[in-house]
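Visitor: following is a predicted model, sequence given first.
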Amino acid sequence: MVTAFDVMNAVGLVAFGTVGSLKAADAEFDVLGVAVLGVLTALGGGATRDVLVGRVPAILQSTTDVGFALAGVLLAVVLTRRMGDGLLDHPAVVLPDAIGLAAFAASGALVGVEAGVSPFGVVVLGTVTGVGGGLVSDVLLQRVPFVLAEDFYATCAVAGSAALWLVVELAGVGPGLGAAAGAGSTLALRLLAIRFDWRLPTVRLDTAT
Amino acid sequence: MVTAFDVMNAVGLVAFGTVGSLKAADAEFDVLGVAVLGVLTALGGGATRDVLVGRVPAILQSTTDVGFALAGVLLAVVLTRRMGDGLLDHPAVVLPDAIGLAAFAASGALVGVEAGVSPFGVVVLGTVTGVGGGLVSDVLLQRVPFVLAEDFYATCAVAGSAALWLVVELAGVGPGLGAAAGAGSTLALRLLAIRFDWRLPTVRLDTAT
Amino acid sequence: MVTAFDVMNAVGLVAFGTVGSLKAADAEFDVLGVAVLGVLTALGGGATRDVLVGRVPAILQSTTDVGFALAGVLLAVVLTRRMGDGLLDHPAVVLPDAIGLAAFAASGALVGVEAGVSPFGVVVLGTVTGVGGGLVSDVLLQRVPFVLAEDFYATCAVAGSAALWLVVELAGVGPGLGAAAGAGSTLALRLLAIRFDWRLPTVRLDTAT
């Protein structure tokens, strides 16, 4: 049975694949580099999560997710040739990306709950799954990782992972509802942050005041 | 029972958390970025070591270490607001950092001995545990890792890890004394290097002479 | 018995150690940094592969490979002092490097076949083993990874890994012949690409036309 969560996950894989490929195309990488960066952005977070909890990464064993990631790559190539620059800020990229962040954070946090890690570990696994792929691809592209420096982005994954832990471990709801709560709160927070251009304060700017 | 080693480890976690956060604050990251970099600097080396020997990282399972790392983050925020720049070279940061390097290198080397890896593996695990967190955070901050380029730093962890292997595997002393020997030699070497501004030669500069 | 594959692997370890060390020497790292970068370039791809399939990295347990990597470091130091700059493009470095790429890609793909991963996983493991060490060292040196941006390099590992999978899984040949097919096709492709200066198209340049 295909759940709403599966749909969100697929949307996220395509969106993350597109975002990674667009960044690589901006950096004038060749087509293989564009494909590698797209796939890595889509699948890197989940692979890191799997390695951390001692599993062989799922992406080495199944191919559905790889297909969605490659669809994202293809989409990026088509969009770039049709529309040129500036796609990274386009709503058609930003909104699916937010859905992916939400689905990935929830799936990572759920893996953490199932593996019996600490509450901090649940948040780490949710956040790594949500932002790990983008972070690695930014490092490879010699960009300061935007998840750390530029946006109300990782914060949403942290909050959503914590929400999932709260409702599953404390309120005792099942994993399906927990995933809905985690993904829902991540997505809501991210959309609000985009809409109202929320920023976290910096430590240094406060010093200057 | 709290041992001298536990105290050194806690000092190191706080110091590494502070160092990572100060670097992130210098780069004008937001408060979440500052916290993430601080925690990653404090816990990243140990997590990498655990993944290498096939364990689920301890930091996903216990929360004491996370608490110390977050204390380091908090300290960095308070210090930055009170004292401004230049804290990374301040003795109040540099000396605890040296203690952390010593404690982490010894704990990593000890994990290697217990896992039965080769002598080279013991040195790798000790060095990775000691410098891995700082290295990852430098990469994320787009800095050339200072452990590789700028200082008599990783060398101390290499020497201390080798010393631990020598006394435990060859001289047959127990792990407690071995940790003391490894941490002690790392710390002594690091303090001497700071005091006398020791530098390793470069390959290229020799060419120029 | 020492096979042709063992010889290729040893040549690759020495070559990768030399390449990593030359890059670090160019960046004016001290001798420890040069050694670390050389060893990491030689052993990093295989270690990443081992972590991905849930093994303790072989290099923590045996020392032969470390010896070959250190021989490469030593070679780089001697060559730099004798011959100065520009060694990275010298045929005496480029050709052994191609042999290493071929041997590493084949060994990684073979590990994937033995671990029973998907075809995509086989290609990922072969490519990661072949280019992972160089990629990590480029990141540490603050270079855009040349395997992604500059050359017909990773493509050869992708093609060779796919070739190995094809002949082993579909044609049913044994692992020895499979390794020969994988390494041979990687090496042939790489040498042709060097000889004729092959480039993959970029996504953006196509847009401009």
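Guide: Structure's in. What do you need?

Visitor: going forward, measure contacts and count neighbours with C-alpha atoms only.
Guide: Will do.

Visitor: now the helices for chain A?
Guide: Counting by DSSP state H, chain A has helices at residues A:4-26, A:31-52, A:64-83, A:91-114, A:119-140, A:146-149, A:154-165, A:175-196, A:203-208.

Visitor: can you list those in CSV and add mean pLDDT, mean neighbour count and distance to residue C:19?
Guide: Below are the helices of chain A laid out as CSV (pLDDT from 0 to 100; neighbours: other CA atoms under 10 Å in any protein chain shown; distance: least, CA to CA, whole Å):
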stretch, mean pLDDT, mean neighbour count, distance to residue C:19
helix A:4-26, 88, 25, 25
helix A:31-52, 92, 26, 21
helix A:64-83, 90, 19, 32
helix A:91-114, 91, 25, 38
helix A:119-140, 92, 26, 19
helix A:146-149, 73, 21, 31
helix A:154-165, 94, 27, 37
helix A:175-196, 91, 20, 44
helix A:203-208, 51, 15, 40
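
Visitor: out of the ones you listed, which comes closest to residue C:61?
Guide: Comparing these by their distance to residue C:61 (CA to CA), the top pick is helix A:31-52, with 20.0 Å.

Visitor: is chain B within reach of the closest one?
Guide: Yes - counting by CA under 8 Å from any CA of the partner chain, chain B is contacted by helix A:31-52 at A:51, A:52.

Visitor: report the distance from that helix to the chain centre.
Guide: Relative to its chain's centre, helix A:31-52 lies at 11 Å (CA atoms, centre = their mean, to the nearest Å).

Visitor: which positions in chain A make contact with chain C?
Guide: A:25-26, A:28-34, A:51, A:54-57, A:59-63, A:66, A:77, A:80-82, A:84, A:139-142.

Visitor: follow-up on the earlier one: just put the helices of chain A in TSV and tack on distance to residue B:182.
Guide: Formatted as TSV, those follow (distance: least, CA to CA, whole Å):
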stretch	distance to residue B:182
helix A:4-26	43
helix A:31-52	28
helix A:64-83	45
helix A:91-114	34
helix A:119-140	30
helix A:146-149	35
helix A:154-165	37
helix A:175-196	44
helix A:203-208	36
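
Visitor: nearest to residue C:40, of these?
Guide: That would be helix A:119-140 among these, by CA to CA, at 16.8 Å.

Visitor: what packs against that closest one?
Guide: Packing contacts for helix A:119-140, counted by 3 or more CA pairs under 8 Å, 6 or more residues apart in numbering or on different chains; DSSP states H and E, involve helix A:4-26, helix A:31-52, helix A:91-114, helix A:146-149, helix A:154-165.

Visitor: and those as CSV, adding distance to residue C:161?
Guide: Formatted as CSV, those follow (distance: least, CA to CA, whole Å):
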stretch, distance to residue C:161
helix A:4-26, 23
helix A:31-52, 15
helix A:91-114, 29
helix A:146-149, 33
helix A:154-165, 35
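
Visitor: among these, which is nearest residue B:170?
Guide: Across these, residue B:170 has its closest neighbour in helix A:31-52 (33.3 Å, CA to CA).

Visitor: and the angle for the closest one with helix A:64-83?
Guide: 150 degrees (axes from the mean of the first three to the mean of the last three CA atoms, to 10 degrees).

Visitor: backbone dihedrals for residue A:173, please?
Guide: phi -80, psi 160 (degrees, to the nearest 10).

Visitor: that one: what's it in contact with?
Guide: Residues in contact with residue A:173 (CA atoms under 8 Å, 6 or more residues apart in numbering or on different chains) are residue A:167.

Visitor: how near is it to chain B?
Guide: In this view, residue A:173 and chain B are 22 Å apart by CA to the nearest CA, to the nearest Å.

Visitor: same thing with residue A:184?
Guide: Taking CA to the nearest CA as the measure, residue A:184 and chain B are separated by 21 Å.

Visitor: surely that residue is in contact with residue A:102?
Guide: Yes - using CA atoms under 8 Å, residue A:184 makes contact with residue A:102 at a distance of 7.0 Å.

Visitor: skipping adjacent residues, who's closest to residue A:31 in space?
Guide: residue C:202 (5.3 Å; CA to CA, 6 or more residues apart in numbering or on different chains).

Visitor: and the one you found, how many neighbours does it have?
Guide: Residues near residue C:202, counting by other CA atoms under 10 Å in any protein chain shown, number 21.

Visitor: for it, list each beta-bridge partner.
Guide: Listed beta-bridge partners, residue C:202: residue A:30 (assigned using DSSP bridges).

Visitor: that one contacts residue A:35, correct?
Guide: No - Residue C:202 is beyond contact range of residue A:35, at 10.9 Å (criterion: CA under 8 Å).

Visitor: tell me who's in contact with residue A:100.
Guide: If you count contacts by CA under 8 Å, 6+ apart, then residue A:100 has A:8, A:9, A:10, A:11, A:12, A:13, A:15, A:16, A:130 around it.

Visitor: go again using 7 Å as the cut-off
Guide: Applying CA atoms under 7 Å, 6 or more residues apart in numbering or on different chains to residue A:100 gives the contacts A:8, A:9, A:11, A:12, A:13, A:15.

Visitor: state the distance from the spatially closest residue to the second one that is not a sequence neighbour to residue A:97.
Guide: Of all residues not flanking residue A:9 in the chain, residue A:103 sits nearest, at 5.3 Å (CA to CA, 6+ apart). In this structure, residue A:103 lies at 10 Å from residue A:97, with CA to CA, to the nearest Å as the measure.

Visitor: and for the two, which residues touch both?
Guide: If you check residue A:103 and residue A:97 against CA under 7 Å, 6+ apart, the residues they both contact are residue A:12.

Visitor: hey, C-alpha coordinates of stretch A:57-76 in PDB?
Guide: Extracted in PDB, the C-alpha atoms of stretch A:57-76 (Å, rounded to 0.1, in the frame of the first residue of the first chain):
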ATOM      1  CA  PRO A  57      22.600   1.700   3.400                       C
ATOM      2  CA  ALA A  58      19.200   0.900   1.900                       C
ATOM      3  CA  ILE A  59      20.100   2.500  -1.400                       C
ATOM      4  CA  LEU A  60      22.700  -0.100  -2.000                       C
ATOM      5  CA  GLN A  61      20.000  -2.800  -1.900                       C
ATOM      6  CA  SER A  62      16.900  -1.400  -3.500                       C
ATOM      7  CA  THR A  63      16.600   0.700  -6.700                       C
ATOM      8  CA  THR A  64      13.300   2.500  -6.400                       C
ATOM      9  CA  ASP A  65      14.800   5.400  -4.500                       C
ATOM     10  CA  VAL A  66      17.600   5.600  -7.000                       C
ATOM     11  CA  GLY A  67      15.000   5.900  -9.800                       C
ATOM     12  CA  PHE A  68      13.300   8.800  -8.100                       C
ATOM     13  CA  ALA A  69      16.600  10.600  -7.500                       C
ATOM     14  CA  LEU A  70      17.600  10.100 -11.200                       C
ATOM     15  CA  ALA A  71      14.200  11.500 -12.200                       C
ATOM     16  CA  GLY A  72      15.100  14.600 -10.200                       C
ATOM     17  CA  VAL A  73      18.400  14.800 -12.100                       C
ATOM     18  CA  LEU A  74      16.600  14.500 -15.400                       C
ATOM     19  CA  LEU A  75      14.200  17.200 -14.400                       C
ATOM     20  CA  ALA A  76      17.000  19.500 -13.500                       C
END
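
Visitor: do that stretch and chain B meet?
Guide: No - using CA under 7 Å from any CA of the partner chain, stretch A:57-76 stays clear of chain B, with a minimum separation of 13.3 Å.

Visitor: any idea how far residue A:164 is from residue A:124?
Guide: Shown here: residue A:164 relative to residue A:124, a distance of 13 Å by CA to CA.

Visitor: swap in residue A:49?
Guide: Taking CA to CA, one finds residue A:49 at 9 Å from residue A:124.

Visitor: next: residue A:79.
Guide: Remark: distance between residue A:79 and residue A:124 (CA to CA) = 34 Å.

Visitor: so how far is residue A:176 from the residue nearest to residue A:9?
Guide: 12 Å.

Visitor: doesn't residue A:28 make contact with the residue nearest to residue A:31?
Guide: Yes - assessed by CA atoms under 7 Å, residue C:202 is found in contact with residue A:28 at 6.1 Å.
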